[in-house]
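S.K.: any chance you can model this:
(one chain, ligands or ions: 1)
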Amino acid sequence: MDRLVIDGGVALHGHVAVSGAKNAALPCLAAVLLSSEAVTLRHLPAVSDIRTMVKVLQALGCSAEVEKDEDGFELVVTLRADDLESHGLQAPYELVKTMRASILVLGPLLARFGRASVSLPGGCAIGARPVNMHLEALERMGAVIAIDKGYVEAHVPAGKLHGIDHTFDKVSVGATENLMMAATLATGTTVLRNAAQEPEIADLAHLLVGMGARIEGIDSPVLTIHGVAALHGCDHAVIPDRIEAGTFLCAVAAAGGDVVLDRVIPDHLRSLIDLLERLGCAFTERQGQDGMQLRIQREPNQRLRAKDVATSPYPGFPTDLQAQVMAVLTQASGISVIKETIFENRFQHAMELERLGANLRIEGHTAIVAGPSPLKGCTVMATDLRASATLVIAGLVAEGQTTVDRIYHLDRGYAGLERKLQSLGARIQRQGGGSV
Ligand code: UD1
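M.R.: As a prediction, the model looks like this:
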């Protein structure tokens with residue numbers, strides 16, 4: 001099993017290019033099922049979750065051509081979903097269990113074929129992650145759904161889903177995506193209210209519009225989708241990964257340095273930039289050759305100020321950056337309170353940070369961080385994707401050597417993180433021989 005070995009205490013300097021967004025790429029891959037024509041997706045990050053989703057699509061009968069870029073950080077994938085029914089329209093447990101986002105194939109399959117069988121994703125390290133809101137809304141659109149032997153067995157007696165006016169009980173990224181995709185091929189108009197507004201949803205909507213879908217209200221909490229008879233192929237570049245970008249910003253904030261992120265959308269990172277500015281980091285934005293550039297500066301000996309933060313749906317502070325920010329706040333002077341409002345069990349990194357010397361207390365959904373704490377390297381274990389990133393950040397700060405075990409979690413969502421950090425001067429090595 002691969003691990004990362006980090007010799008900490010080095011500030012980061014240089015340029016790093018942000019890869020395409022995993023969480024935009026996954027629904028875009030599922031959207032390919034809505035058309036029998038070829039769809040090309042560019043800037044997909046070369047991470048294991050993307051490979052898993054491509055395997056799900058291949059298991060469903062899609063043909064796939066995958067090309068890697070020079071650095072091996074990004075992929076161009078061309079998929080064609082023109083021979084699906086002979087493969088049984090089933091997304092198998094072996095693949096779905098490794099990645100919950102596989103449930104995103106349900107909406108497109110039901111919309112185009114009127115039936116689907118998708119394994120229920122099962123448990124998750126960061127808390128219960130039900131799909132009840134996906135299923136309830138699809139039922140309202142005319143699907144009949146049963147859970148049988150661990151599978152969601154769904155069919156549409158009328159042949160086609162029909163439009164609905166639906167208010168989600170709570171904001172869900174996945175449910176918004178699944179329903180938006182389903183509605184593109186439904187009869188009539190669907191209005192989705194209390195829809196999630198994450199940038200990845202707008203990216204999916206832009207892909208769907210490129211495929212011929214009629215969607216109004218993109219970037220707002222009310223999406224109106226007028227169903228069309230069929231969608232066609234297209235060529236789409238996914239947006240830069242705001243969580244990868246945010247992870248680099250947290251690494252610089254914690255370890256110090258002066259780094260420019262290339263191909264980033266600063267507007268997608270406002271809540272983090274705002275927080276890190278109040279902590280004491282300096283930011284500059286400018287137009288670069290390949291999109292916007294974002295520069296972050298923090299002198300290694302400059303004290304950071306403590307600050308409270310609470311996660312919430314976009315444009316609030318992302319739960320996917322909560323763990324990384326905790327590592328930063330261990331270096332801030334004073335008491336910071338972190339409130340996790342999206343997932344119930346998302347502080348597993350806290351105990352590992354404590355092993356490195358952080359001064360923390362967890363009370364329910366709240367973490368209290370007292371800083372600054374001098375961190376000292378030791379062996380720590382990654383428990384989930386973003387928790388792994390936090391341990392890497394803490395390792396960059398810690399005196400001596402930190403070994404982060406079980407980094408297969410990290411490889412699910414970061415393309416070549418250690419190689420990108422090496423290019424910024426970090427002393428970090430992968431051991432174990434695997435590669436992403
Ligand atoms: C997506 C992201 C994930 C991020 C999360 C929240 C992808 C592939 N993953 O996950 O990285 O952490 O958004 O920003 O894009 N819920 C229900 N019933 C449902 C669906 C969700 O109760 O049917 C709850 C969840 O348990 C959670 C909350 O709603 O408490 C938000 O989850 P959701 O936005 O759906 O997360 P995902 O789409 O799974």
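S.K.: can we go C-alpha only for contacts and neighbour counts from here?
M.R.: Will do.
S.K.: which one is M133 nearest to, not counting chain neighbours?
M.R.: With C-alpha to C-alpha, 6 or more residues apart in numbering as the criterion, M133 has its nearest non-adjacent residue at 6.2 Å, and that residue is A175.
S.K.: so what's that neighbour up against?
M.R.: 131, 133-134 (C-alpha atoms under 8 Å, 6 or more residues apart in numbering).
S.K.: these: which ones sit near the ligand?
M.R.: Among those, the ones lying near the ligand by C-alpha under 6 Å from any ligand atom are 131, 133-134.
S.K.: quick one: which of the residues you listed sit in helices?
M.R.: 133-134 (DSSP state H).
S.K.: quick one: contacts of stretch 240-253?
M.R.: Under C-alpha under 8 Å, 6+ apart, the answer for stretch 240-253 is 11-12, 18-23, 43, 258-259, 261, 263-265, 268-269, 272, 276, 281, 296-298, 320-321, 324-325, 327-328, 389, 393, 396, 414.
S.K.: restricted to strands, list those.
M.R.: 12, 43, 258-259, 261, 263-264, 296-298 (DSSP state E).
S.K.: quick check: closest non-adjacent residue to I50.
M.R.: Take I50 and drop its neighbours on the chain: the residue closest to it by C-alpha to C-alpha, 6+ apart is L26, 6.6 Å away.
S.K.: I'd assumed the one you found was in a helix, is it?
M.R.: Yes - judged by DSSP: H, G, I helix; E, B strand; the rest coil, L26 forms part of a helix.
S.K.: how about the residues of the protein by the ligand?
M.R.: Within the chain, the residues that sit near the ligand (C-alpha under 6 Å from any ligand atom) are 23, 101, 128-134, 172-175, 319-320, 342-343.
S.K.: among the residues you listed, name the ones in helices.
M.R.: Filtering the residues of the chain next to the ligand for helices - DSSP H - leaves 23, 132-134, 173-175.
S.K.: buried subset of these?
M.R.: Among these, the ones that count as buried by 16 or more other C-alpha atoms under 10 Å are 23, 133-134, 173-175.
S.K.: confidence-wise, which of the ones in helices among the residues of the chain next to the ligand comes last?
M.R.: Minimum pLDDT for those is recorded at N132 (93).
S.K.: report the separation between that one and Q331.
M.R.: N132 sits 40 Å away from Q331, going by C-alpha to C-alpha, to the nearest Å.
S.K.: for this protein, give me the ranges with low pLDDT.
M.R.: Across the chain, the ranges flagged by pLDDT under 70 are 122-128, 433-436.
S.K.: on that earlier part again, just checking, the residue nearest to I50 touches M53?
M.R.: Yes - counting by C-alpha atoms under 8 Å, L26 sits close enough to M53 to count as a contact (6.8 Å).
S.K.: for A195, grab phi and psi.
M.R.: phi -70, psi 150 (degrees, to the nearest 10).
S.K.: can you give me the strands in the stretch 51-200 of the chain?
M.R.: With strands called from DSSP state E, counting those that start in this stretch, the stretch 51-200 of the chain shows them at 63-68, 74-80, 90-91, 115-119, 144-148, 151-155, 165-167, 189-193.
S.K.: with the stretch 301-436 of the chain instead?
M.R.: According to DSSP E, counting those that start in this stretch, the stretch 301-436 of the chain carries its strands in the segments 304-305, 309-310, 332-339, 359-363, 366-371, 379-381, 401-405, 427-431.
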